[in-house]
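A.B. asks: Predicted model and sequence follow; I will ask about them next.
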Amino acid sequence: MHTLNPDKLYHSKWTATRPEHKEKHFMVTRLVRDEEDNVVDVILEAVLTRREFTLPWQALKDDDVWKMGWQ
């Protein structure tokens, strides 16, 4: 499991371990914050298709689903 600082996830790069729709590489394009300025979600953008989706930032800690960096 990755140890992550949610405030430093902006523009980080991720690789899906089980790509779907040929989308393997992703970049965090936005951080979604709550009223207390805590990061709650990240917006990931697929590099190949530019499709975006929202994911709780803690989901990036799962080594079975995400690898840090582009691999």
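C.D. replies: On my side now, so go ahead. What you see is a predicted model, and the numbers here were worked out from it, not measured in a lab.
A.B. asks: So which residues of the chain form strands?
C.D. replies: For the chain, the strands defined by DSSP state E cover 13-20, 23-33, 39-46, 52-56, 66-68.
A.B. asks: Could you report the neighbour count for the closest residue to Glu52 other than its chain neighbours?
C.D. replies: Nearest in space to Glu52, with sequence neighbours left out and distances taken as Cβ to Cβ, 6 or more residues apart in numbering, is Glu45 at 4.9 Å. C-beta: built from backbone N, CA, C; applies to glycine. Per other Cβ atoms under 10 Å, the neighbour tally for Glu45 reads 17.
A.B. asks: shaky segments in this protein?
C.D. replies: When residues are selected by pLDDT under 70, those of the chain lie in 1-2.
A.B. asks: if we go to 90?
C.D. replies: Along the chain, segments meeting pLDDT under 90 span 1-4.
A.B. asks: Is it correct that the residue nearest to Glu52 is in contact with Met27?
C.D. replies: Yes: counting by Cβ atoms under 8 Å, Glu45 does reach Met27; the two are 5.5 Å apart.
A.B. asks: Any idea what the spatially closest residue to Leu9 that is not a sequence neighbour is bridged to?
C.D. replies: Leaving out its chain neighbours, the residue that sits closest to Leu9 by Cβ to Cβ, 6+ apart is Val28, at 5.0 Å. Val28 has the following beta-bridge partners by DSSP bridges: Leu44.
A.B. asks: can you tell me how far Val28 sits from Pro6?
C.D. replies: 10 Å (Cβ to Cβ, to the nearest Å).
A.B. asks: what comes up buried for stretch 20-32?
C.D. replies: Within stretch 20-32, the residues scored as buried using 16 or more other Cβ atoms under 10 Å are 23-26, 28, 31.
A.B. asks: Report the two of these separated the most.
C.D. replies: Lys24 and Leu31 (22.3 Å; Cβ to Cβ).
A.B. asks: what's the nearest residue to His21 if we skip its chain neighbours?
C.D. replies: Nearest one to His21, counting by Cβ to Cβ, 6+ apart, is Thr49 at 6.9 Å.
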